[in-house]
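**Q** Model the structure of this input:
(chains A and B)
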Amino acid sequence: RKEVEQDPGPFNVPEGATVAFNCTYSNSASQSFFWYRQDCRKEPKLLMSVYSSGNEDGRFTAQLNRASQYISLLIRDSKLSDSATYLCVVGNAGNNRKLIWGLGTSLAVNP
Amino acid sequence: DVKVTQSSRYLVKRTGEKVFLECVQDMDHENMFWYRQDPGLGLRLIYFSYDVKMKEKGDIPEGYSVSREKKERFSLILESASTNQTSMYLCASSSPGQGFFQPQHFGDGTRLSIL
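**A** All right, here's what the predicted structure looks like:
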């Protein structure tokens, strides 16, 4: 089983739609969680950190479910500019401290 | 805003050459990282450094070395370039505190082709 798993998509949605992605992680000791977005042939950019209580930034909402070991990203009122790949990132504790990167979920928002 | 600058956006080198990729950050970050990204494989950590002159191997260090002589600069060296090192190389930095669990900020990336 991969340490961090994402549905690769692509998710094709119309403008204005609400779309949600999930990401599962295998290490129950994981401590930090992030969502990044990556445009084609560009570098990943931090979208938001994910906190235990859940957090919201404008149209974006992130949730953490420790019991089921997944994080989610909800995008409301999708814009054309939201088209990108969304990377789930998990920070693991212990001796092997590092960020584990998912392969990403591709989103295409269509006019 | 954090600024991470990589020396080249595109680079073409020949097999067997020694290749240097440079990365500079302007936020006084302790931690710096080198990744490569390939289709279907995602981001893979090559090396990282949490202090000047310190370095640790990531997941795929073979064929690479690094240098961190100054806090702001982290260099990746391909000792003898091979075609399987053709890839997108990404440098990142993060602030201290919990160290690796701080979000990482990336440079624009270097698309390296080895012919």
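
**Q** Which strand or helix spans residue 33?
**A** Picked chain A for this. Per DSSP states H and E, A:F33 falls inside strand A:32-38.

**Q** The intended chain is chain B.
**A** Secondary structure (DSSP H and E) places B:F33 in strand B:31-38.

**Q** Surely A:R59 and A:L73 touch.
**A** No: in this structure A:R59 lies outside contact range of A:L73 using CB atoms under 8 Å: 10.8 Å. Bear in mind the C-beta positions are built from the backbone N, C-alpha and C, glycine included.

**Q** who has more neighbours, the two?
**A** Neighbour comparison, A:R59 and A:L73: the larger count goes to A:L73, with 22 against 13 (by other CB atoms under 10 Å in any protein chain shown).

**Q** check contacts around that one.
**A** Listed by CB atoms under 8 Å, 6 or more residues apart in numbering or on different chains, the contact set of A:L73 reads A:20-21, A:23, A:35, A:47, A:60-62, A:86, A:88.

**Q** 7 Å instead?
**A** Contact analysis of A:L73 by CB atoms under 7 Å, 6 or more residues apart in numbering or on different chains lists A:20-21, A:35, A:60, A:62, A:86.

**Q** Each with direction, which strands does the host helix or strand of it pair with?
**A** Take DSSP H and E as the rule and A:L73 turns out to sit in strand A:70-75. Note on strand A:70-75: by DSSP bridges, its sheet partners are strand A:19-25 (antiparallel), strand A:60-65 (antiparallel).

**Q** Could you dump the ones you listed into JSON lines and include mean pLDDT and mean neighbour count?
**A** As requested, the strands paired with strand A:70-75 are exported to JSON lines (pLDDT from 0 to 100; neighbours: other CB atoms under 10 Å in any protein chain shown):
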{"stretch": "strand A:19-25", "mean pLDDT": "96", "mean neighbour count": "19"}
{"stretch": "strand A:60-65", "mean pLDDT": "96", "mean neighbour count": "18"}
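
**Q** Reformat those into CSV and put distance to B:L45 next to each item.
**A** Listed next are those as CSV, based on distance: least, CB to CB, whole Å:
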stretch, distance to B:L45
strand A:19-25, 17
strand A:60-65, 23
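
**Q** Between these, which one is closest to B:L115.
**A** strand A:19-25 (37.2 Å; CB to CB).

**Q** So, low pLDDT: which residues of chain B?
**A** B:2, B:97-100 (pLDDT under 70).

**Q** one more time with 90, if that's ok
**A** Chain B contains residues with pLDDT under 90 at B:1-2, B:27, B:29-31, B:40, B:50-51, B:53, B:94-103.
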